[in-house]
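Novice: predicted model and sequence below, questions to follow.
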Amino acid sequence: MILKPGSNCMDIYQACTTGLIVDACDYYRTFYHAAAKARRSILLAGWQFDSEVPLLRGREAEQCGEVRFLHFLESLCERLPDLEIYILAWDFSVIFSMEREWFQDIIFNWTTNERIHFRFDGKHAIGATHHQKFVVVDGAIAFVGGMDICSERWDDRHHLLENASRVDANGPYGPYHDIQSFHTGPIVGEFTRLFEQRWLDSGGAPLLLPPPLPGHTLLTGDDLIPLATDRVAVSRTQASDPQTRQSAIQEIRRLFIDAISMAEQLIYLENQYFSSQAVYRALIDRMTDPGRSSLQIIMIVPDKLPFTEELFLGVPQMKMLRSLQRTAEETGHELRVYSTACIKNGERTMTFIHSKLLLVDDRFLTIGSANITNRSLGLDTELNVSWEAEPGTCGGLIESIRRVRTSLLAEHAGQQGREADFQQIHGLIRRLDRLVEEPDSRLCWYEPDPELENNTWPGALEPIARVVDPEENVYEQITRYRTSAFARGIRLVSQWITGL
């Protein structure tokens, strides 16, 4: 078994129902209807929230009342006198200030119902962020994954070039892909306890939440991809913090390493980034392990990152992916890195990949908030959930995980309705390669920005990249390497931030 409680997961918990929700159109809709049935409590923790984001769009929105996020929550409080809503948002760095809604503390706490409670949470290790994204409704339903309820996230699974509903306050934006999970049953209590502890650590008063409401556990609909199991593992990242004597938690890091090392046929990854030394090393070690079976390794990543992230993470990512491709060729494995796009009149518009998924051999699956970066696996607070089929079993969960994989590959290739074409693992990469060669294919090769390959200046930023994407507590690294390029990078970034 890959999952090992106390090592690469906190524990394995019982669930009544569990599964995935793909893309924000389906997630926002599911959250809207679950929250509309709430009676006692709604808990929301995230990296970012925006008050004006519509949860429903188009005809759906016309048929309902208030659908804008904060206004919807306020309408629930006005209708339900016993409902309490608690929101925890990361107390973001000045670097992200231009991307955020300003004065949220005032907007959420002083212009809304008194039973909407909002806190910025900055209680974490130096240099870290709170990146966990989860929601609990009435202690009975939980949503966990990579999605925030904020601007420029909503899209449906068709990822069309033009979509009249894919508009926010700043106007239209491009196609966007992400994944969330849903859970009912005893496991929800673990997410409730996590939220309660974070609320307390952030300076909030202890929460006196009512017990889960019986009967509020039904989630149905075509928006859900159920998984045939009642066991779900929970894994975390949290950096050590000398101030609170918090020991480092690196369960997700160990989970990725263990899952990759035990792969026998297929590794399928979707992620926003690829800059983790630990995951890179695990893939190299598995491919160079003599006597092991040959693998098909499929990665889906964005074609291009936002400017600042491309500046600091683009070079490490490019070097790692190039090295992995060379190693695969030398050791007899097949490895491909793809992006996905929509095409009109010969022009490609890329779909931004924000999902964080690792799938192995159609028997193991993990999704959550953790990127494949050093900081996500060692510094930031992250939360992943995982499912694993018992050795020797067939059908059931294995079929469910295969359904997830084929559904996602069909989405990325623009082949919805032809999921069966992607079922067989043997020869899967050859089938995907043939699709790439088709002129109207959504699937395309990942190609790094030529600026990163053809110029020397991006390499000069690599010392600063260690500041942007560290794996340890930043304070500890500064103390250890006072005279290193890393420490000089710290000073450069500090001067840059001070000058903002």
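Specialist: Yes, it's here. Residues are numbered from 1 along each chain as shown.

Novice: tally of neighbours for V436?
Specialist: The number of residues packed near V436 is 14, by other C-beta atoms under 10 Å. Using the backbone N, CA and C atoms, a C-beta is placed for each residue, glycine as well.

Novice: and for K304?
Specialist: In terms of burial, K304 registers 16 neighbours under the definition other C-beta under 10 Å.

Novice: which residues sit in contact with it?
Specialist: Taking C-beta atoms under 8 Å, 6 or more residues apart in numbering as the contact definition, K304 lies against 310, 350, 449.

Novice: quick one: it and T351, what's the gap?
Specialist: Per C-beta to C-beta, to the nearest Å, K304 is found 11 Å from T351.

Novice: if we can go back for a sec, just the contacts of K304 now: which is nearest Y268?
Specialist: Of all the contacts of K304, Y268 sits closest to M350, with 19.8 Å by C-beta to C-beta.

Novice: need the contact list for that closest one.
Specialist: The neighbourhood of M350, defined by C-beta under 8 Å, 6+ apart, consists of 174-175, 302-304, 339-341.

Novice: try it again with 7 Å
Specialist: Residues near M350 by C-beta atoms under 7 Å, 6 or more residues apart in numbering: 302-304, 339, 341.

Novice: including pLDDT, could these go into JSON lines?
Specialist: Putting those into JSON lines (pLDDT from 0 to 100) gives the following:
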{"residue": "P302", "pLDDT": "95"}
{"residue": "D303", "pLDDT": "91"}
{"residue": "K304", "pLDDT": "85"}
{"residue": "S339", "pLDDT": "97"}
{"residue": "A341", "pLDDT": "94"}
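
Novice: ok, S293 touching L266?
Specialist: No - counting by C-beta atoms under 7 Å, no contact exists between S293 and L266, whose distance comes to 10.4 Å.

Novice: for S407, which non-adjacent residue is closest in space?
Specialist: With C-beta to C-beta, 6 or more residues apart in numbering as the criterion, S407 has its nearest non-adjacent residue at 5.8 Å, and that residue is E419.

Novice: per-residue confidence for the one you found?
Specialist: The score at E419 is 96. That number is its pLDDT.

Novice: hmm, it is touching E411, no?
Specialist: No - counting by C-beta under 7 Å, E419 sits too far from E411 to count as a contact (9.3 Å).

Novice: those two - which one has more neighbours?
Specialist: E411 (21 against 17).

Novice: ok, and the closest non-adjacent residue to that one?
Specialist: With C-beta to C-beta, 6+ apart as the criterion, E411 has its nearest non-adjacent residue at 5.3 Å, and that residue is R157.

Novice: any idea of the mean pLDDT for whichever helix or strand I252 is part of?
Specialist: In this structure, I252 is located in helix 251-261 according to DSSP states H and E. Model confidence over helix 251-261, given as mean pLDDT, is 99.

Novice: what about it, distance to the chain center?
Specialist: Using C-alpha atoms, centre = their mean, to the nearest Å, we find the averaged C-alpha position of helix 251-261 to lie 16 Å away from the chain's own average C-alpha position.

Novice: now it: buried residues?
Specialist: Neighbour-count burial for helix 251-261, with 16 or more other C-beta atoms under 10 Å as criterion, is recorded at 251-260.

Novice: again with stretch 303-315
Specialist: Burial within stretch 303-315, assessed by neighbour count using 16+ other C-beta under 10 Å, is assigned to 303-305, 309-315.

Novice: sort out which of these are in strands and list them.
Specialist: Of the positions in the buried residues of stretch 303-315, not one sits in strands, assigned by DSSP state E.

Novice: just flag the most distant two among the residues you listed.
Specialist: Within the buried residues of stretch 303-315 (distances taken as C-beta to C-beta), the two that end up farthest apart are D303 and F312, at 17.6 Å.

Novice: is it possible to get TSV of the buried residues of helix 251-261 that adds distance to A328?
Specialist: TSV is the format used below for those (distance: C-beta to C-beta, whole Å):
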residue	distance to A328
E251	28
I252	24
R253	23
R254	24
L255	23
F256	18
I257	18
D258	21
A259	18
I260	13
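
Novice: closest one to E382 out of the residues you listed, please.
Specialist: I252 (5.7 Å).

Novice: hmm, N384 and that closest one touching each other?
Specialist: Yes - taking contacts as C-beta under 7 Å, I252 lies within contact range of N384: 5.1 Å.

Novice: between those two, what contacts are shared?
Specialist: Counting by C-beta under 7 Å, 6+ apart, the common neighbours of I252 and N384 are 235, 370.

Novice: and F352, how many neighbours?
Specialist: Using other C-beta under 10 Å, the number of residues around F352 comes to 22.

Novice: so who does it touch?
Specialist: With contact taken as C-beta under 7 Å, 6+ apart, F352 is in contact with 174-177, 302.

Novice: ok, so of those, who is nearest L200?
Specialist: Y176 (33.8 Å).
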